[in-house]
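S.K.: Predicted model and sequence follow; I will ask about them next.
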Amino acid sequence: EAGVAQSPRYKIIEKRQSVAFWCNPISGHATLYWYQQILGQGPKLLIQFQNNGVVDDSQLPKDRFSAERLKGVDSTLKIQPAKLEDSAVYLCASSRQRGVNEQYFGPGTRLTVT
Amino acid sequence: AQRVTQPEKLLSVFKGAPVELKCNYSYSGSPELFWYVQYSRQRLQLLLRHISRESIKGFTADLNKGETSFHLKKPFAQEEDSAMYYCALEGGGNKLTFGTGTQLKVEL
């Protein structure tokens, strides 16, 4: 099966600009996750979708970050406006359904905010 | 609150030597624990989970609830084991909390 796809792979922007990331999960996977991984740290969950509904967004900085998963398939994560501390790798993952299931990760998008 | 601690940022061993990557957790309930691995230029992927009680690529991990630990072990390290290893805890709703990771370097 095709893996989780993400684009772009790299993005460099200036602070206060906006940026969007795209994720296409594995076909048939109901649950989609966005993680933020800052250099030297483990991935941190930002938001979790079950189909097109939000299950958990408790760690999403909602004043600047937003995410949507229209039609329960692809998802976009947006940052507006970006700050220097948003520099990180943004990982998308998917799993078959809620419950304890293996999460499959995409290659990530490396964001640098200057 | 749930927390995962991996005390070593880097672990360097010689080929053929035993490996133990440490992981301690803090969680009030009954946790599900995982080890994820990221090889150079590859995606983060699941290595093993404690509920499966399986050995993957020669690695095993035992959940010790008394010591709140889930250390990853392999009796004889191979060069291809060099990678970044993350311990993760699932405390409900398939929400994973990751540790900071340990870089394993196997030297010839």
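M.R.: Good, I have the coordinates.
S.K.: Which helix or strand contains residue 20?
M.R.: Assuming you mean chain A. Here A:A20 sits within strand A:19-24, counting by DSSP states H and E.
S.K.: right idea, wrong chain: chain B
M.R.: Here B:E20 is assigned to strand B:19-21, by DSSP H and E.
S.K.: How far does stretch A:39-49 sit from its chain's centre?
M.R.: A distance of 8 Å separates the centroid of the chain from that of stretch A:39-49, by CA atoms, centre = their mean, to the nearest Å.
S.K.: is stretch A:19-35 anywhere near chain B?
M.R.: Yes - residues of stretch A:19-35 are located near chain B by CB under 8 Å from any CB of the partner chain, namely A:T31. Every C-beta, even on glycine, is put in place using the N, C-alpha and C of the backbone.
S.K.: Endpoint to endpoint, that stretch covers what distance?
M.R.: By CA to CA, to the nearest Å, the extent of stretch A:19-35 from end to end equals 16 Å.
S.K.: Can you pull the residues of chain A lying near chain B?
M.R.: Within reach of chain B by CB under 8 Å from any CB, chain A has these residues: A:3-4, A:31, A:40-45, A:48, A:55-56, A:91, A:95, A:98-108.
S.K.: Give me the contacts around the strand holding B:E20.
M.R.: Strand B:19-21 is contacted by residues B:6, B:8, B:11, B:13, B:35, B:71-74, B:77, B:81, B:85, B:87, B:102, B:104, B:106 when judged by CB atoms under 8 Å, 6 or more residues apart in numbering or on different chains.
S.K.: quick one: A:P107 and B:Q103, what's the gap?
M.R.: According to CB to CB, to the nearest Å, A:P107 stands 19 Å off from B:Q103.
S.K.: Who has more neighbours out of these two?
M.R.: A:P107 (18 against 15; other CB atoms under 10 Å in any protein chain shown).
S.K.: Surely the more buried one touches B:R43?
M.R.: Yes - using CB atoms under 8 Å, A:P107 is in contact with B:R43, at 5.7 Å.
S.K.: Touching the strand holding A:A20 from outside, list them.
M.R.: Contacts of strand A:19-24 (CB under 8 Å, 6+ apart): A:4-8, A:11, A:13, A:32, A:34, A:73-80, A:82, A:90, A:92, A:106, A:109, A:111.
S.K.: Stretch A:44-61 now?
M.R.: Contacts for stretch A:44-61 (CB under 8 Å, 6+ apart): A:30-38, A:65, A:67, A:69-72, A:75, A:77, A:97-98, B:93-98.
S.K.: and these, which are buried?
M.R.: In the contacts of stretch A:44-61, burial by neighbour count holds for A:30-37, A:65, A:67, A:69, A:75, A:77, A:98, B:94-98, counting by 16 or more other CB atoms under 10 Å in any protein chain shown.
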